[in-house]
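Chemist: I need the structure of the sequence given here:
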Amino acid sequence: MSEESPTLPEKENTIVVRNEFTEVYVKKVHTGKGERLEVVSPKTGFSIRLDALGLEGLSWQDPETISKFLETPYGPEDHDESH
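Modeler: Numbers count the residues shown, from 1 in each chain. All right, here's what the predicted structure looks like:
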């Protein structure tokens, strides 16, 4: 999750993915460390920027692993934000 408060991406070059539960905005951004794919959830206020390796890592996951992420969408129950 981003430390910064997410901003809604500009409409140009932004992909919107939505269903009956939520919507997210996806956009390629340029940072000081190279290109990233930024995913913003306006509903929750969370965002993340993933580089090519992070995206490749997602592609290795099976649907069951992604489903497990959704069981605790804000991290493990005992997650301490100070770490």
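Chemist: just so I have it, where are all the strands in this structure?
Modeler: Ranges of strands in the chain, per DSSP state E, are 15-18, 23-31, 34-41, 46-50.
Chemist: Identify the residues contacting the second one?
Modeler: The set of residues external to strand 23-31 that reach it, using CB atoms under 8 Å, 6 or more residues apart in numbering, is 8-10, 13-18, 35-43, 49. (Each C-beta comes from the backbone N, C-alpha and C, glycine too.)
Chemist: Low-confidence ranges, the chain, go.
Modeler: Scanning the chain for pLDDT under 70 picks out 1-11, 75, 78-83.
Chemist: As JSON lines, the strands of the chain with distance to residue 57 would be great.
Modeler: Output for those, formatted as JSON lines (distance: least, CB to CB, whole Å):
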{"stretch": "strand 15-18", "distance to residue 57": "19"}
{"stretch": "strand 23-31", "distance to residue 57": "17"}
{"stretch": "strand 34-41", "distance to residue 57": "12"}
{"stretch": "strand 46-50", "distance to residue 57": "8"}
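Chemist: TSV please, covering those strands and showing mean neighbour count and distance to residue 77.
Modeler: Shown next, in TSV, are those (neighbours: other CB atoms under 10 Å; distance: least, CB to CB, whole Å):
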stretch	mean neighbour count	distance to residue 77
strand 15-18	10	28
strand 23-31	14	24
strand 34-41	16	20
strand 46-50	16	17
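Chemist: Of all those, which one is nearest residue 58?
Modeler: Nearest of those to residue 58, taken as CB to CB: strand 46-50 at 7.4 Å.
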